[in-house]
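Enquirer: Okay, predicted coordinates and the sequence, questions at the end:
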Amino acid sequence: MGRTRYLILSDIHSNQEALEAVLRAVHRRHYDGVICMGDLVGYGASPNPVVTRIRKFKGLVAVRGNHDKVCSGLEDGRNFNAAARQAAMWTLSKLRPENKDFLKSLPQGPKEAAPGIWLAHGSIPEEDAYLFSDFDAYQVFESSPFQVCFFGHTHFPMVFQQRAGNVELIPLKEDLVELTLMPDARYLINPGSVGQPRDRNPKAAFAEYSPESRRLVVRRVPYDIASAALRIRRASLPESLANRLFLGA
């Protein structure tokens, strides 16, 4: 029997160019499922192509993000900053009905994708909470009995490892990081953002995970940032949303 392997995606944010670059990078690889931690839309100018593509994935297990809720009309976005809310309202006006319905149907996290493998948008106790520090991670580890949980929302690739009661942050700074997860440890894993990285590396981020071998691979791939930024400008969305793509910020 072959080993199971999952493609791990998060925070695509209506960036068609970034998503296409990721899929080109893995097009010859077989995955038994796709795990997506939400925020398919928001900020970028290609919501329909992105949602349509995600809907076609076989074996998709996904949860909603905060932008998915606002862009589909489930929430009003009053807690968003001005640029994010303008993009969300624009997205709400542009989404095709079938794509809007799909976003509305995404479940609230956390969700178990496979035995021992969970996913959440922000964190397990609170779907929109930001998980940055080892103390944040400690609280999540204490809240639920998962072995591995993938999360997004911060747009920073990172791994938190809990072993013998201690929590360690493992930063993921290179364009290719391969880790074998320890069988006596528990993990919180953020693969970074496909469509709007914020760790000063503008390349699209994603991961793959094989539970039998406990092998995690986190990758960064370049994409056509200029085209993604041009789409944002042509949609008359805030200039800052285009500029930040070049900076990875």
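Expert: Perfect, I can see it now.
Enquirer: For the rest of this, base every contact and every neighbour count on C-alpha atoms.
Expert: OK.
Enquirer: Dump the C-alpha coordinates for the strand or helix carrying His67 into PDB.
Expert: Using DSSP states H and E, His67 falls within helix 66-71. Extracted C-alpha coordinates of helix 66-71, given in PDB (Å, rounded to 0.1, in the frame of the first residue of the first chain):
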ATOM      1  CA  ASN A  66     -12.600  35.400   8.300                       C
ATOM      2  CA  HIS A  67     -12.400  36.800   4.800                       C
ATOM      3  CA  ASP A  68     -14.500  34.000   3.400                       C
ATOM      4  CA  LYS A  69     -17.200  34.900   5.900                       C
ATOM      5  CA  VAL A  70     -17.200  38.600   5.000                       C
ATOM      6  CA  CYS A  71     -16.800  38.200   1.300                       C
END
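Enquirer: all numbers from here: first residue = 10
Expert: In the new numbering, first residue 10, that becomes helix 75-80.
Enquirer: And it, what does it pack against?
Expert: helix 91-103, helix 106-114 (3 or more C-alpha pairs under 8 Å, 6 or more residues apart in numbering; DSSP states H and E).
Enquirer: mean confidence for the longest one?
Expert: Throughout helix 91-103, pLDDT has a mean value of 98.
Enquirer: Likewise for stretch 138-146?
Expert: Averaging pLDDT along stretch 138-146 yields 96.
Enquirer: Same check on stretch 118-128?
Expert: 95.
Enquirer: which residues touch the helix holding His76?
Expert: 47-51, 84-86, 97-98, 100-101, 112-113, 137 (C-alpha atoms under 8 Å, 6 or more residues apart in numbering).
Enquirer: now stretch 182-191
Expert: Contact partners of stretch 182-191, identified using C-alpha under 8 Å, 6+ apart, comprise 166, 196, 222-230.
Enquirer: One more: stretch 105-125?
Expert: 44, 57, 60-61, 64, 70-73, 77-78, 81, 83, 101, 127-130, 132-133, 136, 155-157.
Enquirer: List only buried entries from these.
Expert: Taking 16 or more other C-alpha atoms under 10 Å as the criterion, what is buried in these is 44, 57, 60, 70-73, 77-78, 81, 101, 127-130, 132-133, 136, 155-157.
Enquirer: Counting only strands, which of those residues make the cut?
Expert: Counting by DSSP state E, the buried ones among the contacts of stretch 105-125 place 44, 70-71, 127-128, 157 in strands.
Enquirer: now, which of those sits nearest Tyr147?
Expert: Among those, Val157 lies closest to Tyr147 (C-alpha to C-alpha), at 13.6 Å.
Enquirer: just checking, that closest one touches Ala129?
Expert: No: taking contacts as C-alpha atoms under 8 Å, Val157 lies outside contact range of Ala129: 11.0 Å.
Enquirer: Residues touching the helix or strand containing Leu225, excluding its own?
Expert: According to DSSP H and E, Leu225 maps onto strand 224-230. Contacts of strand 224-230 with the rest of the structure, by C-alpha under 8 Å, 6+ apart, involve 30-31, 34, 181, 183-190, 200, 212-219.
Enquirer: which ones among those are found in helices?
Expert: In this view, the contacts of strand 224-230 that belong to helices under DSSP state H are 30-31, 34.
Enquirer: among those residues, who's most crowded?
Expert: Within these, neighbour counts (other C-alpha atoms under 10 Å) peak at Val31, which reaches 23 neighbours.
Enquirer: Quick one: residues contacting it.
Expert: Applying C-alpha under 8 Å, 6+ apart, we find Val31 in contact with 203, 213-215, 230.
Enquirer: Among those, which ones are in strands?
Expert: Short answer: the contacts of Val31 in strands (DSSP E) are 213-215, 230.
Enquirer: how about those, which pair is most distant?
Expert: Across the ones in strands among the contacts of Val31, the longest distance by C-alpha to C-alpha is 8.6 Å; it joins Phe215 and Val230.
Enquirer: Alright, that wraps it up for me.
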